[in-house]
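Asker: I need the structure of the sequence given here:
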Amino acid sequence: MNTWNQIYNPLGNAALSTVAAAIPVVTLLVLIASGKVKAHIAAIIAVIVTNLVTIFVFTMPANMSIRASVLGIVTGFFPIGWIVLNVIFLYQVTVSTGRFELLKRAIGGVTEDRRLQLLLIAFSFGAFFEGASGFGTPVAITGAVLIGLGFSPLAASGLSLIANTAPVAYGALGTPIQGLASVTGFDPYILGAMVGRQLPFFSLIVPFWVVWAFAGWKGMKDVWPAILVTGLSFAVPQFVISNYINPWIVDIGASLISMGALILFLKVWQPKQLWLSPALRGHDESAATMAAAPPLDKTPLTQGEMWSALLPWIIVCIVMLIWGNGAFKGWANSIFVWNYPVPELDKLIFKVPPVAAKPTPEGAVFGFTYLSFTGTGMLIAAIISGLLMGFSPLKLMAEYGRTIRLCAISLITISAMLAIGTLTRLSGVDATLGLAFAATGVLYPFFGTLLGWLGVALTGSDTSSNILFGNLQKITSEQLGLSPILMSAANSSGGVMGKMIDAQSIVVASTATNWYGHEGTILRFVFWHSIVLACLVGVLVTLQAYVWPFTAMVLK
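Answerer: Numbering: from 1, shown residues only. Predicted coordinates:
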């Protein structure tokens, strides 16, 4: 078998090689942001461009490049597309049975104010699903719930993406931290604690940021007590659990405390003036696509109706906690698994210094762990919910067929996005971009944090970004005399802000809100929020490195 070593400076000039490496992601983002090319067409074009760059510039053998693309396409559907499909299926079932209407009344009973609904659903409820399952689930669920509550498509999708930042580093029961530990060799408890000294600042900022993005400065100022309660009741548990308990249950604990604190607070405090507009303050082109929403039924729910409204979501919570559990995954993956090492690709590509300490083979195995997939858990939860709500098996199958037709284009798009991410990883294209950030010297704490942001924007996953750049962060920081634990953690903390602009998350959001074909509008809305927040994380990490080094000390 022929092996191939990744080449990080194929043009003999670091700047030119970096420009060449940026072509795939720039092509994808420009085509989507233009609004003139449908997302699935933009993704397919970008896959072709990426193959041309990897084969003709980075000298990757053509058969390897094509096989990597196909692996990415399949990975795009399992597990990411599989999650989206089954979340939308659950949503469709709750709408068909009238349970979603009851949920709207239940949330309206807590508060009719749109700003407070955003805090409860997009931030706190979304953080729970990030902690339980991650990988696109929170944006899919919160986007669907917000659109069902009557929010405009742009508000529901864009604000779900912005809110799904602070909990991402501990998503799926700490998977990103575990991934970071696996490539750096550091204790996951220590890495989790370090991230827990960075992200709580942003857990406090993001709720204010989301409401400001929705309702403007005055709209935010009028509900600041509720925002402060939401942020504090998430940030403090996030710090305490990550530093003194473990990194696996951070999001679960913090989100439940945050939801409870906000609901209790709203029993004794309500804003003087309710904000009932479902659209973004200022220009919201998606508002024109909305049908006039019927007035919300304000009849208090009976106890039976309340449980009926919450039943599907309680089932989802229980199933997701089981599916996110390591013991369950270990059992399921030992029995219900089919691993397919891709021939002429698996372990035949080598990462080399300075990206890896020594030549290291890249795995290219499609792990079809069909029972432990988060999407499978979501499907089981949806089936159980549907049967308990009176659906017949035949009616469930018919609804599933409708859901497949509804999601088909989005599934193609997500698969193409993953093809780009897989190919750039295996070809070393993204490592070339990473080395450009690593060459920034004294400014490395800032730009190293942005490297994590770039990694998530490229791969769509904080876990993937940590695996991709974690060792590079460790090597570079040691060469510069910085704390390798600080910079490894910064990769994860900076990465969370890239989650809102990664292409697959945007497609998930547009699918969940039934706003197909408007991915460019969503990207343009969230892009500057993403960059500014990532830069703020970079500033914090720089202060930790040079001004407050005691915050970067390892606690034994």
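Asker: give me every residue that touches residue 68.
Answerer: Contact partners of residue 68, counting by CB atoms under 8 Å, 6 or more residues apart in numbering, are 345, 364, 419, 422-423, 426-427. Quick note: C-beta positions are derived from backbone N, CA and C, even for glycine.
Asker: That should have said residue 473, apologies.
Answerer: Contacts of residue 473 (CB under 8 Å, 6+ apart): 184, 448, 451-452, 484, 487-488, 490-491.
Asker: Which one (most neighbours) among these?
Answerer: residue 452 (36 neighbours; other CB atoms under 10 Å).
Asker: before we move on, which element is that residue in?
Answerer: helix 444-459 (DSSP states H and E).
Asker: now that helix, how far from the chain's geometric center?
Answerer: 15 Å (CA atoms, centre = their mean, to the nearest Å).
Asker: And for stretch 221-241?
Answerer: Using CA atoms, centre = their mean, the offset of stretch 221-241 from its chain centre is 21 Å.
Asker: Now do residue 98 against residue 395, distance only.
Answerer: Separation of residue 98 from residue 395 (CB to CB, to the nearest Å): 14 Å.
Asker: One more: residue 303?
Answerer: 28 Å.
Asker: now do residue 122
Answerer: Relative to residue 395, and taking CB to CB, residue 122 is found at 31 Å.
Asker: Compare neighbour counts for those two and give me the winner.
Answerer: When neighbours are counted by other CB under 10 Å, residue 122 comes out ahead of the other of residue 122 and residue 395, with 31 against 14.
Asker: Residue 382 contacts residue 90, correct?
Answerer: Yes. Using CB atoms under 8 Å, residue 382 is in contact with residue 90, at 3.9 Å.
Asker: Report the contact partners of residue 9.
Answerer: Contacts of residue 9 (CB under 8 Å, 6+ apart): 17, 432.
Asker: which element follows the top helix by length along the chain toward the C-terminus?
Answerer: When the chain is parsed with DSSP state H, its longest helix is helix 393-427. As assigned by DSSP H and E, the chain's next helix or strand after helix 393-427 is helix 429-438.
Asker: contact partners of that next one?
Answerer: In contact with helix 429-438 (CB under 8 Å, 6+ apart) are residues 6, 8-9, 14, 17-18, 20-22, 24, 50, 53-54, 58, 351, 354-355, 423-424, 444, 447-448, 450-451, 454-455, 458-459, 468-469, 472, 476.
Asker: Give me the buried entries from those residues.
Answerer: 6, 8-9, 17-18, 20-22, 24, 50, 53-54, 58, 351, 355, 423-424, 444, 447-448, 450-451, 454-455, 458-459, 468-469, 472, 476 (16 or more other CB atoms under 10 Å).
Asker: now the angle from the helix holding residue 452 to helix 429-438?
Answerer: 160 degrees (axes from the mean of the first three to the mean of the last three CA atoms, to 10 degrees).
Asker: Quick check: what element follows helix 444-459 along the chain?
Answerer: With DSSP H and E, the next secondary element past helix 444-459 is helix 462-480.
Asker: Which elements pack onto the next helix or strand after that next one?
Answerer: As assigned by DSSP H and E, the chain's next helix or strand after helix 462-480 is helix 484-495. When contacts are defined as 3 or more CB pairs under 8 Å, 6 or more residues apart in numbering; DSSP states H and E, helix 484-495 sits against helix 171-184, helix 188-195, helix 444-459, helix 462-480, helix 519-546.
Asker: Point out the most buried one among those.
Answerer: helix 444-459 (a mean of 27; mean count of other CB atoms under 10 Å).
Asker: Quick one: list the elements packing against that one.
Answerer: Using 3+ CB pairs under 8 Å, 6+ apart as the test, helix 444-459 ends up in contact with helix 393-427, helix 429-438, helix 462-480, helix 484-495, helix 519-546.
Asker: looking at the ones you listed, which is closest to residue 327?
Answerer: helix 462-480 (19.4 Å; CB to CB).
Asker: Determine the angle, from 0 to 180 degrees, between that closest one and helix 393-427.
Answerer: 20 degrees.
Asker: got the CA coordinates for helix 462-480 in PDB?
Answerer: In PDB, the C-alpha atoms belonging to helix 462-480 read as follows (Å, rounded to 0.1, in the frame of the first residue of the first chain):
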ATOM      1  CA  ASP A 462     -15.700  21.500  19.000                       C
ATOM      2  CA  THR A 463     -14.600  17.900  19.500                       C
ATOM      3  CA  SER A 464     -13.200  17.700  16.000                       C
ATOM      4  CA  SER A 465     -11.500  21.100  16.400                       C
ATOM      5  CA  ASN A 466      -9.900  19.900  19.600                       C
ATOM      6  CA  ILE A 467      -8.700  16.600  18.000                       C
ATOM      7  CA  LEU A 468      -7.500  18.600  15.000                       C
ATOM      8  CA  PHE A 469      -5.600  21.400  16.700                       C
ATOM      9  CA  GLY A 470      -5.100  20.300  20.300                       C
ATOM     10  CA  ASN A 471      -1.600  18.800  19.900                       C
ATOM     11  CA  LEU A 472      -0.600  21.800  17.700                       C
ATOM     12  CA  GLN A 473      -1.700  24.100  20.600                       C
ATOM     13  CA  LYS A 474       0.400  22.100  23.000                       C
ATOM     14  CA  ILE A 475       3.500  22.100  20.900                       C
ATOM     15  CA  THR A 476       3.400  25.800  20.000                       C
ATOM     16  CA  SER A 477       2.700  27.000  23.500                       C
ATOM     17  CA  GLU A 478       5.600  25.000  24.900                       C
ATOM     18  CA  GLN A 479       7.900  26.500  22.300                       C
ATOM     19  CA  LEU A 480       6.700  30.000  23.300                       C
END
